[in-house]
Each structure stands twice: as C-alpha cells, then as structure tokens.
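J.: how does the following fold in three dimensions:
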Amino acid sequence: MPNLKSWLQNFNIYTEKRVAILFFLGFSSGLPLLLIFTTLGLWLRGAGISLENIGYFSWIPLAYGWKWIWSPLVDRFSIPLLTRCLGRRRAWLLLSQIAIVLAIIGMAKSDPQQNLTSFVIFALIVAYSSATQDIVIDAFRIESAPEKYQAAMAAAYMTGYRIAMMVAGAGALLIAAWASDGDAYQLSAWSTAYLVMAGCMGVGIITTFICHEPEYINKQKDHNAQIESQLRYQRLPQTIAHFLAWLDIAIVAPFTDFFQRYGKPAAVILLLIGTYRISDIVMGVMANPFYLDMGYTLGEVAAISKVFGVIMTLLGAALGGVLLSRYSTYSILFLGAFLVVITNFIFAVLAFVGKDIALLTLIISMDNISAGIATTAFITYISKLTNIEFSATQYALFSSLMLLFPKFIAGFSGIYVESFGYIAFFVGSALIGVPVLGLILLLKKMIKD
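T.: Next comes the predicted model:
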C-alpha cells in the first residue's frame, strides 16, 4: 500500500496549472501539422491532384526543418504593443496562432482544382506560423517551471499534441465525410472540415491569454547586458556593442556550446538526428494516398489509421518511457529504428495482398507502436543533448534537423510510386533506414549513455 500511495501522489503533479497549460499548448501545436501533411494529401488526392504534385506538397512542412534559422529572432525580438501587454513569449504565441487561424481559413476558401498557387501560399503560411509557434512553446515549457515539472509538462504536451493530431486527422476526415452528399469529391465538404479546424485553434489562443509569462527571460537580459558591458569596455561604439552582444548570445553561443561539449562525435550526432526518422517520414507521405488507391473508404481510414493508430502511438510512447527507465537511451533508439524498418517492409506485404481490413489494422498497430517507441526515445535523446542555457535555440536546431533531410527526400516519393509502384516504394523506404542503425551503434561506442 505505501508504494501505491506514493504512485498516486506522483500523479498529483498533473493537476498543477503549469502542467495543464502544456496540454492545451500541445493541442495547439499538434493541430496544424496534419492539415498540411497527411489530411491535406487526402484532400488533394480526392480532388484529382497527381501523386507527383502531392509529393511536392510534402515539402511544405519543411518549414519545421528551417525554424532554427529564425528561432534567435523569436527568442530575442519584442513585438511592438503585444510584448508590452503580454510579454515576449505570449506575444509571439498569439501572433503565430492568429496567423495559423487566418491561413487555415484561407485554405478552406481556396479550390486546389482551380487555383493551386493560392492554396500553396496559404498552406505555407500555416507551416511557417506553426513552426514559429513550436519555437515559442518549446522555450515556454523550459522557462516556465523548474526541472521537477519538466517531465510531466513534456508528457502533457505530447498527449495534447497527439489528441490534436487525432482531431486534425480522423476528425477532419469524419467532418468531410459528414458534410459530403456522396462518395464523389466535394470542395464544400473539405472547406467545412478546415473551417472547423480553424475554430479548434481557439484552444491555443485562450490558453495564451490564461497562462503567465515565464521569468527566465530576465536572466537572458542580464546575460546580454553583461556581454554588452564587456564590449563597451573595449571601447566599441554602443550600437555595434549591442549588436555583437545580441549576435553572441542568440546565434553564436548556442552552436559553439554544442561542439565544445561533444567534440569529435558532434558531427555523427547531427548526422543521426538528421536521418533518424527518415524511414517513417518518407513512408508517411504516401500512406493516405496508398489507402485510397487500395480501395479503403475515408471512414475506414479515419477509424483505423487516425483514431486507432493514434491510440497505438500513445501506447508505444508509454512503452518507450518504461523501456527508457530500464535500458540505455541508445538501446531504445536502436529498437525504435529497427521496428520502423520492419513495419515498412510489412506495408509492402499489404500492397502485395490487396485490401484487407484485418491486415491493415494489424500493420497500423505495429507501425504506430513502433513510431511511439522511436519518438519517445528520440525526444529523450535530443533533450539530453540540449544545454538548458540555450534550450530554445538548440532544441529548435535539433528538431529542425530531424525533419529537414527526410522531408526533402519525401518530396520525391510521388514520382517513385508512379514509376515503380507501392511495393518497391515501401521496400525502399525501409532500406533507407538501415544505415541509421549503424550510426546508433557507432555513437553508442563513442559516447557513454
């Protein structure tokens, strides 16, 4: 009984306001992603857009891979009026969330069959605004609570994020199906779904007004002032001194710190980060078009892939957390990457067999559990790599690098499928994940976990 009481007391941390806030911010962060990724792929395929163009559309979320470039600006620049009223973090949060809402409405009012260019522009605005929101939320999470709350805040954030993905995935598909008069493509059905998704972003906007500005920024200002004072001592002009001080703390220090701490293995670490998720990201671009081309209905895809699949991902994430408490991070990184490779091979089996609900359910279960384990291990790994003094910029760098190369390669997935078919595509997406296993084994020898 004492052990049970202790466990129950540990769960009380999830009733803490700062932890609950991260759940709702996680929802706001997770909602836009599928609206410009897999859900968008279904809309475009239903509208008769070619697989080649759908593959190119997968480059839009590359915005998440470039966010490290403007993360120092988000970290240091104050927005006139908004910052005075809300504080720097909440001002950037509100600005990015409003931009996301307006851009989703723009997508809902556009017709990809008639004007694909304007549709792309609105999708790009969603992507870059959402990536900016992620920069702010990552910084907010780290700065707004002491270390004892960080694990619970991260868990709350991931839960909110996954629920939002379910809403933007299965929810959007069910709304589109409900708003449609039949099986034929109807623009109005997808417009309705995306307008509802724009309304769901209200969760994040309300949370931004409710939460409090973190206090860590004051320490950053003190550090900045200290460097500027040192430069003034060297008799530099004040304007130059101020600029160099900002440049040092915002851009130079976070990068030099990483290479100073890890030395020679740093390049291998960055290579692993940049390729770890390549198999599942490349495969994910063609997953929904594959389901439709195999003859599955939107309702079946929503129920099995978007609802049941997300539940399996949460189960895999929980399993990954348990495994990480018992084994080394590199060991679970290897397990997650290995399972992703295996499940991609099994998708090739489904492509060979044809439409089979039972087999699809089994494969999606395995795929999402594997993804949950891999994601949990990877987040734990890059969190360990991050120096808390430069958490916002370094975390943005790592999470950007994670997506940049895989998203670029994924852009050619449509051409590959049209040229060689789904079976060859799934086999190829599995094989490109094999070198990742070698990188993990190499780093495990170079660095003690």
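
J.: quick one: distance of the helix or strand harbouring Arg261 to the chain centre.
T.: For Arg261, the element it lies in under DSSP states H and E is helix 253-262. Distance of helix 253-262 from its chain centroid, counting by C-alpha atoms, centre = their mean, to the nearest Å, is 24 Å.

J.: could you do stretch 72-87 as well?
T.: In terms of C-alpha atoms, centre = their mean, the centre of stretch 72-87 is found 24 Å from the chain centre.

J.: circling back to that earlier point, and the next helix or strand after the helix holding Arg261, what does it pack onto?
T.: Downstream of helix 253-262, the next assigned helix or strand under DSSP H and E is helix 265-275. When contacts are defined as 3 or more C-beta pairs under 8 Å, 6 or more residues apart in numbering; DSSP states H and E, helix 265-275 packs onto helix 253-262, helix 391-410, helix 434-446. Just so you know, the C-beta spots here come from the backbone N, C-alpha and C atoms, and that holds for glycine as well.

J.: Ile79 is in contact with Leu95, correct?
T.: Yes - because the distance of 6.1 Å satisfies C-beta atoms under 8 Å, Leu95 is recorded as touching Ile79.

J.: for Gly41, what are its contacts?
T.: For Gly41, the contact set (C-beta atoms under 8 Å, 6 or more residues apart in numbering) comprises Ile54, Phe57, Ser58, Val285, Asn288, Pro289.

J.: Thr375: which of those is nearest?
T.: Nearest to Thr375, judged by C-beta to C-beta, of the contacts of Gly41 is Val285 at 17.4 Å.

J.: gap between the closest one and Ile415?
T.: Distance, Val285 to Ile415, using C-beta to C-beta, to the nearest Å: 11 Å.

J.: more crowded one of those two?
T.: A direct count of neighbours by other C-beta atoms under 10 Å for Val285 and Ile415 places Val285 higher, at 30 against 14.

J.: name the element that one belongs to?
T.: According to DSSP H and E, Val285 maps onto helix 278-293.

J.: tell me which other helices or strands that helix touches.
T.: Where contact means 3+ C-beta pairs under 8 Å, 6+ apart, helix 278-293 is packed against helix 38-46, helix 51-57, helix 298-301, helix 329-353, helix 357-385, helix 391-410, helix 413-420, helix 422-431.

J.: of those, flag the one that's most buried.
T.: helix 38-46 (a mean of 24; mean count of other C-beta atoms under 10 Å).

J.: for Ser188, which of the helices and strands packed on helix 278-293 is the nearest?
T.: Proximity to Ser188, assessed across the helices and strands packed on helix 278-293 by C-beta to C-beta, is greatest for helix 38-46 (12.2 Å).

J.: could you check the angle that closest one makes with helix 278-293?
T.: Angle between the axes of helix 38-46 and helix 278-293 is 40 degrees (criterion: axes from the mean of the first three to the mean of the last three C-alpha atoms, to 10 degrees).

J.: CA atoms only: put helix 38-46 into PDB for me.
T.: Only the C-alpha atoms of helix 38-46 are listed here, as PDB (Å, rounded to 0.1, in the frame of the first residue of the first chain):
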ATOM      1  CA  THR A  38      -1.500  13.600 -44.500                       C
ATOM      2  CA  THR A  39      -5.000  15.100 -44.300                       C
ATOM      3  CA  LEU A  40      -4.100  17.600 -47.000                       C
ATOM      4  CA  GLY A  41      -2.800  14.600 -49.100                       C
ATOM      5  CA  LEU A  42      -6.300  13.000 -48.900                       C
ATOM      6  CA  TRP A  43      -8.000  16.300 -49.900                       C
ATOM      7  CA  LEU A  44      -5.600  16.700 -52.900                       C
ATOM      8  CA  ARG A  45      -6.000  13.100 -54.000                       C
ATOM      9  CA  GLY A  46      -9.700  13.300 -53.800                       C
END
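
J.: so what's Ala253 closest to, chain neighbours aside?
T.: Sequence neighbours aside, Phe390 is the residue nearest to Ala253 in space, at 6.3 Å (criterion: C-beta to C-beta, 6 or more residues apart in numbering).

J.: is it true that that neighbour touches Thr256?
T.: No - with contact defined as C-beta under 8 Å, Phe390 does not reach Thr256; the gap is 9.7 Å.
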